[in-house]
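Visitor: Task: produce atomic coordinates for the following.
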Amino acid sequence: MLTLYDELYGNFEAEGVLLELIQSDPVQRLKGIYQGGASRFVNEKWNTTRYDHSVGAMMLVHRLGGSLEEQIAALLHDVSHTAFSHVIDYVLEQKEENYHEMIYEQIVTGSSIPSILTSAGLNWRDILLDESQWTLLEQNAPRLCADRVDYTLTAWIIRCGICTYAARLLYKKCMRFWISLSDLMDKWRAVIYQRQSGLWMLTTKKSLAFL
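Guide: Numbering: from 1, shown residues only. Okay, here's the model as predicted:
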């Protein structure tokens, strides 16, 4: 058993297949991939990794009552990200920003993940290749989901200086089994998301120029 701690979600006891996945090479590799890509070279405080986000999304799904399978899907949803995260989409002119999704099955198939899940009596294809079934993990914007809530609140803490207590209050507003705020809050979050996306593109350009 391994005790993980997140300042938003508290302690999480990882054991069994989750622990084995966390300790696997594909997941450990994410410790070297930063959530904001090359933006870390602009500000070293922007150092959240894909590992941090993946574990955070898993912990949030767990807190919302998600099944073991959905927790696994959350932990592994970003496992195919390349170095510098979404910067590769900018380089390859992928307007949908989905290159990591395009290569997801290939990366998973060539890793130790299938054997780990199979040994645990789980069908890895059923869990990982149909994301639409995991409604806690993923929803279309502007509706909230564990993926979006985790990386947004983490970004606000690190980049915008919002206090951890306030971030906890925001995430606790999410409903059990269905993450949604009021229509007004949905619209407000959509505006914030659009502004953040614009800032990300500007930061990316500056980062590439720096490199």
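
Visitor: Surely residue 35 and residue 50 touch.
Guide: Yes - assessed by CB atoms under 8 Å, residue 35 is found in contact with residue 50 at 6.1 Å. (C-beta placed from N, C-alpha, C; glycine too.)

Visitor: low pLDDT regions in this protein?
Guide: Applying pLDDT under 70 to the chain flags residues 85, 89, 91, 96, 158-211.

Visitor: Where do the helices of it begin and end?
Guide: Here the chain has its helices, by DSSP state H, at 16-22, 25-28, 50-63, 68-76, 87-91, 99-102, 104-109, 113-119, 124-128, 146-155, 164-172, 183-210.

Visitor: residue contacts, residue 6?
Guide: 12, 55-56, 59 (CB atoms under 8 Å, 6 or more residues apart in numbering).

Visitor: tell me the two of these that are most distant?
Guide: 12 and 56 (9.7 Å; CB to CB).

Visitor: out of those two, which sits in the more crowded spot?
Guide: More crowded of residue 12 and residue 56, by other CB atoms under 10 Å: residue 56, with 26 against 19.

Visitor: The more buried one is in contact with residue 10, isn't it?
Guide: No - between residue 56 and residue 10 there is no contact, the gap being 11.5 Å when judged by CB under 8 Å.

Visitor: and residue 157, how far is that from residue 7?
Guide: 8 Å (CB to CB, to the nearest Å).

Visitor: cool, and residue 145?
Guide: In terms of CB to CB, residue 145 sits 20 Å off from residue 7.

Visitor: more crowded one of those two?
Guide: In terms of neighbours (other CB under 10 Å), residue 145 is the more surrounded of residue 145 and residue 7; the figures are 24 against 12.

Visitor: Now the more buried one. Nearest residue, chain neighbours left out?
Guide: residue 139 (3.9 Å; CB to CB, 6 or more residues apart in numbering).

Visitor: Go ahead and confirm that neighbour touches residue 149.
Guide: No - assessed by CB under 8 Å, residue 139 is found out of contact with residue 149, at 9.9 Å.

Visitor: More neighbours: which of those two?
Guide: Neighbour totals were compared for residue 139 and residue 149, and residue 149 leads with 24 against 18 (other CB under 10 Å).
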